[in-house]
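J.: structure for the following, please:
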Amino acid sequence: MGTVSQLHEHARPVARRIQSDEEALEIARTLAEEFARLASDRDINRVLPEEELETLSQSGLLGVSVPSEHEGLDISNAILAEIIAILAQSDPSIAQISQSHFHVLETLRVAGGEEQQKFFFARALAGDRLAGASSAADTIGQETRLFSDGAGYRLSGRQAHSTGVLFADWIAVFALDQADRKVLSLLPRGTEGIQIIDDWDGFGQRTTGSGTTILHNVHVGADAIIPVDKDLKRPTTIGAVERITRAGVDLGIARAAFAATVDFVRNNARPRTDSGVARAADDPLTIARIGQIAIRIEAAAAMVERAGGKVDIAQINTTEEHVVDAMLSVAGASALTAEVAVEASTALFELAGTSSTGIGLNLDRHWRNARTHTATDPASQKHHAVGNYHLNGITPPKNAAS
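T.: All right, here's what the predicted structure looks like:
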């Protein structure tokens, strides 16, 4: 499997070992302040955050979800989502890369073998980055496939827009085996036959490193295969962790848009001509709208925290009842965070006025990021899932392993 990052000619220095939730949050805040300084420039010029991700790796944050039996902090999911939100407020592309990493780690926790967990959890604690390669663009007959080849396997296929793959040390490739069962292969990025194309051209989340992964008859050792098919058919928390961390990204985008709105209205915006006030910040309608958005963001954060507690319970006691309860709560939290991210980034221009649309200000990045990130998993789908459960007793999907 190898023991060092595939992105470097030398071993990466061992990452910091975080000892508490409070330390993890403080490190996230410190990094966020640093990452925010050039976030707008990175977005405008599509400068990939390579140095920032090395700093993130060294910080120890990428290992906080590692279980305690593997010497990790085993952080609560509410805190994990808040860490993602803190990073997303400064740079949501970096947060989304982290979110993909934690999704792979949860899949490993649920479905990985003992030796696989031991190895990859140690790599995460050391600062290695994992990225999932799976694509909704795959169609029947064009899926990534795994075939037997002597004592090992061969992997071929194409995965579009694999989040964070440009920065990954290890690529988690979801595929179908010869019996059409879902499997996960964990491969060093430098494995022969893996081609990564930097072709993400979305108007938002521009620096997530979401390239296309092409697999040309890649050799895979038997020890790198995780059969996840059975785990997609039983209650697990893979989907809940994926979605609550995704909600953290949206929450951070909402907070960033709100902070930009408050700053611009307070210091730069002109009042409405019929408002009767000298300052935009004294306009009663503007004040009320600011208060409305602030309350919605606070409500979204509270829902994420509550959902995180339910995911914690489901991880400890993984019954159908607990997993469904967690998924319903996460669905509500992710629906509200998606809605408020778009709402806050749209209201920015409603309240700040025409002068806020200057290209050089790049305030539209908040709306572009919100629209792009929420397009993958729209709030309407959560409304349907929750409503279908209450009306018809149809349980929501319990997994999102790919």
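J.: from here on, just use CA atoms for contacts and neighbour counts.
T.: OK.
J.: any stretches of the chain with poor pLDDT?
T.: With pLDDT under 70 as the threshold, the chain has low-confidence stretches at 1-10, 135-142, 398-402.
J.: show me where it has strands.
T.: Remark: strands of the chain, listed N- to C-terminal, are 130-133, 145-149, 152-162, 170-176, 182-188, 194-197, 211-220, 225-227; assignment by DSSP state E.
J.: output the fourth one as PDB, nothing but the C-alphas.
T.: Written as PDB, here are the backbone C-alpha positions of strand 170-176 (Å, rounded to 0.1, in the frame of the first residue of the first chain):
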ATOM      1  CA  TRP A 170      -5.200   8.100  -1.700                       C
ATOM      2  CA  ILE A 171      -8.100   7.700  -4.100                       C
ATOM      3  CA  ALA A 172     -11.200   5.700  -3.000                       C
ATOM      4  CA  VAL A 173     -12.700   4.300  -6.200                       C
ATOM      5  CA  PHE A 174     -16.300   3.000  -6.100                       C
ATOM      6  CA  ALA A 175     -16.900   0.300  -8.700                       C
ATOM      7  CA  LEU A 176     -19.000  -2.700  -9.600                       C
END
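J.: what count of nearby residues applies to Glu192?
T.: Taking other Cα atoms under 10 Å as the criterion, the count of residues near Glu192 is 12.
J.: give the contact list for it.
T.: The neighbourhood of Glu192, defined by Cα atoms under 8 Å, 6 or more residues apart in numbering, consists of 218-219.
J.: how far away is it from Val220?
T.: Note on Glu192: its distance to Val220, by Cα to Cα, to the nearest Å, is 10 Å.
J.: Ser65 now?
T.: Ser65 sits 27 Å away from Val220, taking Cα to Cα as the criterion.
J.: from Thr395, how far off is the closest residue to Ala281 other than its chain neighbours?
T.: The shortest distance from Ala281 to any residue other than its chain neighbours is 5.3 Å, reached at Arg266 (Cα to Cα, 6 or more residues apart in numbering). Counting by Cα to Cα, the separation of Arg266 from Thr395 is 46 Å.
J.: just say which of the strands of the chain is most tucked in.
T.: Burial among the strands of the chain, expressed as mean neighbours by mean count of other Cα atoms under 10 Å, is greatest for strand 130-133, which shows a mean of 30.
J.: who does it pair up with?
T.: Strand 130-133 has these partner strands in its sheet, going by DSSP bridges: strand 170-176 (parallel).
J.: neighbouring contacts of the partner strand?
T.: The list of residues contacting strand 170-176 from outside it, by Cα under 8 Å, 6+ apart, reads 6, 104, 128-134, 143-146, 165, 182-189, 402.
J.: ok, 7 Å please
T.: Contacts to strand 170-176, defined as Cα atoms under 7 Å, 6 or more residues apart in numbering, come from residues 129-134, 143-146, 165, 182-189, 402.
J.: do stretch 374-381 as well
T.: Stretch 374-381 has contacts (Cα under 7 Å, 6+ apart) with 335, 338-339.
J.: list the buried residues for that stretch?
T.: With burial defined by 16 or more other Cα atoms under 10 Å, the residues of stretch 374-381 counted as buried are 374, 377, 379.
J.: so what does Thr319 have for phi and psi?
T.: Here is the backbone geometry of Thr319 (degrees, to the nearest 10): phi -100, psi 160.
J.: nearest residue to it in space, ignoring adjacent ones along the chain?
T.: With sequence-adjacent residues excluded and distances taken as Cα to Cα, 6+ apart, Thr319 is closest to Pro235, at 6.6 Å.
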